[in-house]
Each structure stands twice: as C-alpha cells, then as structure tokens.
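J.: Show me the folded form of this:
(chains A and B)
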Amino acid sequence: MTATPADRRKLEDHLAGWGFAAPAVVLIGVFGLVPVVWSFVLSLQHTDLTSPGTFAGGDNYAKLVADPLFWDAAWRTLVYVVLFVPATLALALPIAVMLNQKIRGVVLYRLAVSVPLVTSTVATGIMFSWLANPQFGLVNAALDAVGLPKQGFFTDPGQALVSVVAMTVWGWLGFAVIIYLAALQNVPKDLIEASSLDGCGRARSFWHVELPLVAPATGFLLVWLTINGLQLFDAVYVTTKGGPLRATTVLVYHLYNEAFVSFDGGYAAAIGCAVFLVIGAFTLAQLRLNRRTSHYEVR
Amino acid sequence: MRRPSALHLILFPLSVVMVTPLVWMLLVSISTQEESRRFPPGLPSGVEWENYAAAIRDAPLGSWLANSFVVSVVCVVGNLVLCSLAGYAFARISFIGSKVAFVLMLATLMVPFQIVMLPLLIMTRELGLVDTLGALIAPNLATAFGVFLMRQFFTTLPRELEEAARIDGAGRLRTLFQVLLPLMRPTLATLAVLTFLQTWNDFLWPLIAVQSPEVMTVQLGLQSFQGAHTTNWPKLMAGTVLSQLPVLLVFFFAQRFFVRSVAAAGIK
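T.: As a prediction, the model looks like this:
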C-alpha cells in the first residue's frame, strides 16, 4: 500500500506539530509535572533530600496529624487569609470606583496605587522593617505625634502577623484595584444611564447595577488572593523569619523549616501535599464560580 | 470652570500613603547613618552618595545585578521563542496527542510552587545545576502560562493570513516569523514584561537553589545583605533602590501597557 498525499500531509502535521511544541512541552513536563508526582512519592519516604530515601508508608501523614506545630501553623495561615483577603477587597473596590471617575490627576493616582505591583517582596520587607522600626520608624513617629505609645510591630508577638497583613495588603492592593477597574470599565454606560432615567440615584445605581456586574471580579479576587495567601512565605522570611515566638510561622514557612532546617524532606513533602489539597479545592471552587457568574457578563 | 472634585480629599492622602514606603526608601538611602536613626525621622540635610558607593563596594551588588539580568533576559528570550512555537502548534496544527499535552500543561498552572520545589531541588542537583545560574534558568525557560497566552493569541488571527502565505510557498516557520511575528508584537511584549518581572523579583526558588554569593540574584543577595547589615540602614536602602531600579524604570515607561498585562495575567 502506498501513502496517499492526504496521509503524507497528516504525518507532516504530526511531525511539525511536535517539532514546534516539543521544546516547551518537554521543559514544562519535566519541571512542572514530574515534580508533582515525585513530591507525593517523597511524602511517602524518610528523606533528607540529599541521600536516597527509605520507604515510610503513611508515617509522614501520621506525624502531620499529630504535630501540634502543623495545626498551629495551619490556624495562623487561616487567620492571615481571613484578615488579608477581606481587607484587600474592602479597600480595593471603593478605590477602584473613585479612580473610575473622570477627575483631574486620576492618572497620577492610578500610578501611585499600582506602583507596589512591581516592588519585590524583599524590597517591600526591607522598607516596611524600617517604617515599622520600634525605635525610630516613621509609623511610630506618627503614633508619637498624636500622643500614642510606640509599638513593636514586627518584633511584638501579638502584632507581627497583623503587621505582615498590613504589608501584604499594601503589596496586593494595586493588583485588586486594577482588576476592579477593568471590571467597572466593562459596565455598559447605557445601563447606568437607564437606571438614572428610572430615577436611581448614584448610590442606588452603584448598589443595584455596578456591584452585581463586578461580582465575577470579586469572585476571581476572592479565590486568587486566598490561593496566594495560603502560599505566604517571602513576606514572612524577609521580615520576621517566622517569629517572634513562632507568631508568623505559617504553613509554607513550617514546610521550609522542616525541609531546610530539620532536614525532614519527607515530612515537608507531606505538608506540601496537604497545602496542595486545600489550594486545589479553592481552584475547583473558582472554576465553578466562573461558570455560575458568567451570566453577569453583558459584553 | 468646574469645581475640583471632593474625591481629591480621599485620593490624595491615599496616594501619599501608597508611595510613602518608596519615598522613604529613597530618602534613607541618601541620609547619613545618624539621620537614619533619629526620632522622629526627618529629611536628610544633604545627599550621601557614599551610601551607594559603599553598597556596591561591600556587597557584590554589581554581580548580583548582572546575575539577575542574565537570568531574566535568558528566560524572557526562552519564553518568547518556545512559547510562540508551542502556542502556534496548539492553535493551528492538529497533531497526535496535542489535546492531552495541552490539558496536562494547563494543569501545571494550578500547582503551587511549594509542591514542586523539593523534587525540583533534587532534579537540579542530579543535573549538576545546583548553585549555578542554570538552576534558576532551566525551570523558567518555558512556562505553561506563556504557551497558553500565545495559543489564545493565535486562535484570534484569521486563518486566511497563513493560507495566503502557504499558497505563496512559505513554510510554517517562515509564515510564523515573517507573516505573523509583526502581528504578535503586543502579545510578545506582554509576555516579555511579565516574565522579566517574575524572574527579577523571584525569591523562594533562588533561596533554596543557590548558596554561593557569586551566583546570587539581586533579591537573594539583598536579603543576605539585610541579615549582615541590620545597623547600616542607608547602605541597605541604597542597595534596595538599585535592586528595584530596573523594574521601576520598566513600570514608569510602560505604565498603561503594564497595567493591562497584569490585569490579563492575574499575577503579581
């Protein structure tokens, strides 16, 4: 049997397709997909990540369930997310609404709000460590000026986590504002005009027209900020290193400690798998949410 | 003339609060040691350029910046080339296994980095890349996000363009580079900016993959510098300013474009 021109064309497609896609697909497969499976395998081993591991069965997961430090870190992560996500959203929406008005200088205001987007977490941590310095920081100067006592912030076990929340809200606010601004700019002008013709005041048309229309943006931000909040690490590492007195030891920080301070790589991998499970649930929730709220899109 | 909006009363103080950390970073970086530690803090009396000289002298800041630059630029070029090729294939060529490969690739987008970093460390060690710039480059040379972005772009192009080029006798590569490339510019720019920003500001992976000061990126180096110089704030701030200069420049010159890219990608 001889190959018809159509067959040859198809073979050529397969070759060309893989020729084009292979470099990226292989790299992403090797560095993005293989490690996921490997990570699960590690979580079933006793390993220090340098010498070959030994099979551990469910030991690491049993340790996880019984480890008070794990639950401690999980609780702290939850507290962080519950403070960080609503605070960011509650600030971002009104700011986005204001920045969506046609007023003089709005471009400069937008610039000011979005500049933390490009600032690295290391730089942010260094800046905030100085601003919140207990002896000579700017924040304490402001407190002092209105007659309040100086605070310890990152150095006070009772305030460290809240200080990390404040710092990360500063870092993420611009992102949330941009997402809300994009959503607000997609609200059709005639819908707002129609509502005002129907006798809606500005406040009412915001509440009944714009707010429901930006619901998908809220849903996206809620899940996205939660996923990122659950992965909190850099901001803690550069400011408090998990302290003082473990006050900022969140889940990923606990994972890092187990892997690179205690050299218990298997247990660290088990913590990673647990975190992945929670984040996976949120990702699925997001996909669901997208489907359910899609009828708000009017475009 | 229109009355100025009352919103300025809220937006102006808000903007001041948002830029205060950056402004004070600049101010402390030109202060003397004494000025940086007085209470209440105030404006520096002059410009202490010596802080910058000291930061460059005492820390290998120059080589850290160079390392960051090499890693970021190589990753940007890698992503532009490899993601364009793969994105084109997934959008336009029907080849065996393409659907499975694409879905598996997208799935990696949902995996948090903390899950893959431990095996990734073992892999880079096996490959002999640990504590080299290669360890920072290899995992970021092509990203699932980039392939996805490029594929989305190619599906919006009219097929007639490629058919016309094919009738004129151009092969696929030639069509891609000579006919489609000019149209791809905005999307490629988005991918370039986002890749640069991410690799430049990356911290956790360099932290575990690199130990020697000569291979540190500027973020990692700055962090180690912070640990060693907690008492010399002006010098530390001068280093911080230098580490942020490239991304801040990109940001100010391409602000509109930049904001659109971030909104499209959903990353920080």
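
J.: For the longest helix along chain B, name the packing helices and strands.
T.: The residue-count maximum for a helix in chain B (DSSP state H) belongs to helix B:61-92. On a contact count with 3 or more CB pairs under 8 Å, 6 or more residues apart in numbering or on different chains; DSSP states H and E, helix B:61-92 meets helix A:5-28, helix B:98-107, helix B:133-137, helix B:144-155, helix B:181-201, helix B:218-228, helix B:233-253. The way it works is simple: take the backbone N, C-alpha and C, and place the C-beta from them, glycine included.

J.: And the residue of the stretch 1-150 of chain A closest to chain B?
T.: Scanning the stretch 1-150 of chain A for the residue nearest chain B gives residue A:17, at 2.6 Å (criterion: CB to the nearest CB).

J.: for chain B, what are the low-confidence residue spans?
T.: B:1-3, B:229-230, B:256, B:258-268 (pLDDT under 70).

J.: so what's the most centrally placed residue in it up against?
T.: With distances taken as CA atoms, centre = their mean, residue B:197 lies nearest the centre of chain B, 1.4 Å away. Counting by CB atoms under 8 Å, 6 or more residues apart in numbering or on different chains, residue B:197 touches A:118, B:247, B:250.

J.: which one among those gets closest to residue B:162?
T.: Among the contacts of residue B:197, residue B:250 lies closest to residue B:162 (CB to CB), at 32.7 Å.

J.: How many neighbouring residues does the closest one have?
T.: Residues near residue B:250, counting by other CB atoms under 10 Å in any protein chain shown, number 18.

J.: Then residue B:227?
T.: Residue B:227 has 9 nearby residues by other CB under 10 Å.

J.: Name the SS class of whichever residue of chain B sits closest to chain A, please.
T.: In chain B, no residue comes nearer to chain A than residue B:95, which is 2.6 Å away by CB to the nearest CB. Three-state call for residue B:95 (DSSP: H, G, I helix; E, B strand; the rest coil): coil.

J.: so residue A:272 touches residue A:255, yeah?
T.: Yes. Using CB atoms under 8 Å, residue A:272 is in contact with residue A:255, at 5.8 Å.

J.: Touching both of the two, which residues are there?
T.: Counting by CB under 8 Å, 6+ apart, the common neighbours of residue A:272 and residue A:255 are residue B:114.

J.: got a list of what residue A:129 touches?
T.: Contact partners of residue A:129, counting by CB under 8 Å, 6+ apart, are A:154, A:238-239, B:226.

J.: mind listing which of the residues you listed are in helices?
T.: Using DSSP H, those in helices are A:238-239, B:226.

J.: nearest to residue B:191, of those residues?
T.: Looking across the ones in helices among the contacts of residue A:129 and measuring by CB to CB, the closest to residue B:191 is residue A:238, at 27.9 Å.

J.: rewinding a little: format the helices and strands packed on helix B:61-92 as CSV; extra columns: distance to residue A:145.
T.: As requested, the helices and strands packed on helix B:61-92 are exported to CSV (distance: least, CB to CB, whole Å):
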stretch, distance to residue A:145
helix A:5-28, 54
helix B:98-107, 53
helix B:133-137, 45
helix B:144-155, 46
helix B:181-201, 34
helix B:218-228, 28
helix B:233-253, 21
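
J.: Nearest to residue A:277 among the ones you listed would be which one?
T.: Nearest to residue A:277, of the helices and strands packed on helix B:61-92 and by CB to CB, is helix B:98-107 at 15.0 Å.

J.: Next SSE downstream of the closest one?
T.: Using DSSP states H and E, the helix or strand that directly follows helix B:98-107 along the chain is helix B:113-126.

J.: circling back: neighbour-wise, which of residue A:272 and residue A:255 wins?
T.: The neighbour comparison of residue A:272 against residue A:255 (other CB under 10 Å) goes to residue A:272, with 28 against 25.

J.: what number of residues lie near residue B:151?
T.: Count around residue B:151 with other CB under 10 Å applied: 22.

J.: Could you do residue A:144 as well?
T.: 13.

J.: Next, give phi and psi for residue A:157.
T.: Backbone dihedrals for residue A:157, given as degrees, to the nearest 10, come out at phi -60, psi -30.

J.: Distance of it relative to chain B?
T.: Remark: distance between residue A:157 and chain B (CB to the nearest CB, to the nearest Å) = 19 Å.

J.: For that residue, give its distance to residue B:243.
T.: Using CB to CB, to the nearest Å, residue A:157 is found at 30 Å from residue B:243.

J.: of the two, who's got more company?
T.: Between residue A:157 and residue B:243, residue B:243 has the larger neighbour count (other CB under 10 Å), namely 29 against 14.

J.: how about the more buried one, what does it touch?
T.: If a contact means CB under 8 Å, 6+ apart, then residue B:243 has A:120, A:122-123, B:61, B:64-65, B:68, B:218-219, B:222 as its contacts.

J.: ok, now residue A:163?
T.: Residue A:163 sits next to A:128, A:132, A:153-154, A:239 when contact means CB under 8 Å, 6+ apart.

J.: re earlier: could you export the contacts of residue B:243 to JSON lines, including columns for distance to residue A:223 and neighbour count?
T.: Compiled in JSON lines, the contacts of residue B:243 are given as follows (distance: CB to CB, whole Å; neighbours: other CB atoms under 10 Å in any protein chain shown):
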{"residue": "A:120", "distance to residue A:223": "24", "neighbour count": "24"}
{"residue": "A:122", "distance to residue A:223": "26", "neighbour count": "27"}
{"residue": "A:123", "distance to residue A:223": "27", "neighbour count": "28"}
{"residue": "B:61", "distance to residue A:223": "39", "neighbour count": "20"}
{"residue": "B:64", "distance to residue A:223": "35", "neighbour count": "25"}
{"residue": "B:65", "distance to residue A:223": "36", "neighbour count": "19"}
{"residue": "B:68", "distance to residue A:223": "31", "neighbour count": "26"}
{"residue": "B:218", "distance to residue A:223": "32", "neighbour count": "33"}
{"residue": "B:219", "distance to residue A:223": "27", "neighbour count": "24"}
{"residue": "B:222", "distance to residue A:223": "32", "neighbour count": "27"}
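
J.: What are the buried residues along stretch B:219-237?
T.: B:219-223, B:225-226, B:229, B:232-237 (16 or more other CB atoms under 10 Å in any protein chain shown).
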